[in-house]
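Chemist: this is a predicted model, with the sequence first.
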Amino acid sequence: MPSDDLATTIFLIFTGAAVLATVALFLRQSLLIAYIALGLLIGPSGLGLVEDPEDIRRIAGFGVMFLLFLLGLNMYPQKLVQLARETTLVTGASSLVFALLGWGAGRALGYTQAESLVLGAALTFSSTILGLKLLPTTVLHHRRTGEVIISILLLQDLVAIAILVWIEWASATGLSPVQLVLHLAALPGAIAFALLFARYALIPLIARFDAIQEYVFLVALGWCLGLAELAHFLGLSHEVGAFIAGVALATSRIADFIADHLRPLRDFFLVLFFFSLGAGFDLRMLHSVWLPAIGLTVLVLVLKPPVFRGLLRLSGEASGRATEVGLRLGQISEFSLFIALAAERAGIIDTRMSYLIQTATLLSFVVSGSLIVTRCPTPIALSERLRRD
């Protein structure tokens, strides 16, 4: 029986997520797969226990905002500059290669120039969540392999943010010259305001009362949501505003504290977000996208690892490390889902293209996650030796 009661819906989502997450861990799969599978199972295309996922999706949008806010908090300028010098060539060259492959595949499938560009953008990125979740919670984080993976993912995330901004600008049709100038000035204006306000008002205020943890949590939460709302008012997205809010606080000594205390809240909303993706997926669309989706997935899984390996070897990395990094980055990203949904809302791509990107992304999650846990050290590796490494 379908449920319209929010409390019952939340019960179904989180109890079901706990059950399927247990199954996913036994199968050595990412928990993201469990959340999406749950949406497919009890959503409109499945058992119909949750008939309208739109309300859940709107609430789940907070998870994306918190994800980008926390990514911004990790953008320490000095460390980012240092790592960027070492991985910019790898990230830039790999992004160009996969963007061209995606664009070429889109044109070969008969999509328009704009749709093919979005497809190229979607294939560019590797999964930040999958990449970081499957890194061992050991010294690997502090060794070269972890640093290379994290720096590439952070640079990719910056490119993804830029693409999301481009989609917003591309959808802003019918603007007068003055409106267009204001729209283009919104991003640098929001960045300047955030950096100045954080440096001269927010960070000193937090430093004065940082002994009261509840206050720091509330201020950080208000800052994230407030700048997200400001960005939306300026014609940008909430997600871009949240990312800028995180970057503005990255140099603060309480950035780590904020990140630690917001992660449970982020995870709560991200469960809802990935559930809503599954619940909003119309299984009837699979017949029109399953074949090209499999083709794109194979293309990514076959080409991404060796491309990353080759570029890392050219940059001077050891052969074993380059191979492992390539394998860990050999999938499509959750940012590809964000880009597909944003481009569909903006009218740049149609529903079929959006479903194609979503299907290929989910397939790449499953296969890539399975490869990583069988061949690399991870917390859920199949081999006891790999779990210890």
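Modeler: Done, it's in. Numbers count the residues shown, from 1 in each chain.
Chemist: Cys224: what's it in contact with?
Modeler: Counting by CB atoms under 8 Å, 6 or more residues apart in numbering, Cys224 touches Met65, Phe66, Phe69, Ala242, Ala245, Gly246, Leu262. Any C-beta I mention is one placed from the backbone N, CA and C, and that applies to glycine too.
Chemist: need the residues you listed in TSV (columns: distance to Gly146 and secondary structure).
Modeler: TSV is the format used below for the contacts of Cys224 (distance: CB to CB, whole Å; DSSP: H, G, I helix; E, B strand; the rest coil):
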residue	distance to Gly146	secondary structure
Met65	26	helix
Phe66	23	helix
Phe69	22	helix
Ala242	25	helix
Ala245	26	helix
Gly246	21	helix
Leu262	22	helix
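Chemist: check the nearest residue to Ala342 once chain neighbours are set aside and give its pLDDT.
Modeler: In space, and not counting its chain neighbours, Ala342 is closest to Ile167: 4.9 Å by CB to CB, 6 or more residues apart in numbering. Listed pLDDT for Ile167 reads 77.
Chemist: now swap in Arg58 and tell me
Modeler: We have a pLDDT of 69 for Arg58.
Chemist: cool, Gly235 as well?
Modeler: According to the prediction, Gly235 has pLDDT 71.
Chemist: separation between it and Gly189?
Modeler: When distance is defined by CB to CB, to the nearest Å, Gly235 is 11 Å away from Gly189.
Chemist: between those two, which one's more packed in?
Modeler: Legend: neighbour count by other CB atoms under 10 Å for Gly235 and Gly189, higher for Gly235 (18 against 15).
Chemist: what about that one, which SS state?
Modeler: At Gly235, secondary structure determined by DSSP: H, G, I helix; E, B strand; the rest coil is coil.
Chemist: run through the stretch 51-200 of the chain and note the low-pLDDT ranges.
Modeler: 52-60, 75-86, 136-143, 168-184 (pLDDT under 70).
Chemist: hey, where'd the helices end up in it?
Modeler: Using DSSP state H, counting those that start in this stretch, the helices of the stretch 51-200 of the chain run over residues 54-73, 77-108, 113-124, 128-133, 144-170, 177-197.
Chemist: deepest-packed of the ones you listed, please.
Modeler: The highest mean neighbour count among the helices of the stretch 51-200 of the chain, using mean count of other CB atoms under 10 Å, belongs to helix 113-124: a mean of 24.
Chemist: that one: how far from the chain's middle?
Modeler: Distance of helix 113-124 from its chain centroid, counting by CA atoms, centre = their mean, to the nearest Å, is 16 Å.
Chemist: and the angle for it with helix 144-170?
Modeler: 160 degrees (axes from the mean of the first three to the mean of the last three CA atoms, to 10 degrees).
Chemist: run through who's touching helix 113-124.
Modeler: By CB under 8 Å, 6+ apart, helix 113-124 touches 94-95, 98-107, 111, 156, 159-160, 163, 167, 170, 296, 299-300, 332, 336, 339-340, 343, 348-350, 353, 356-357, 360-361.
Chemist: what's the residue nearest to Ala342 in contact with, if anything?
Modeler: So Ile167 contacts Val118, Ile339, Ala342, Ala343, Ala346, Ile348 (CB under 8 Å, 6+ apart).
Chemist: looking at the residues you listed, which one is closest to Trp290?
Modeler: Checking these against Trp290 with CB to CB, the nearest one is Val118 at 19.6 Å.
Chemist: which ones are touching the nearest residue to the closest one once chain neighbours are set aside?
Modeler: Nearest residue to Val118, sequence neighbours excluded (CB to CB, 6+ apart): Ala343, at 4.7 Å. By CB under 8 Å, 6+ apart, the contact set of Ala343 is Val118, Ile167, Ile349, Met353, Ser354.
Chemist: of all pairs in those, which one is the farthest apart?
Modeler: Using CB to CB, the contacts of Ala343 span at most 13.2 Å, a distance reached by Ile167 and Met353.
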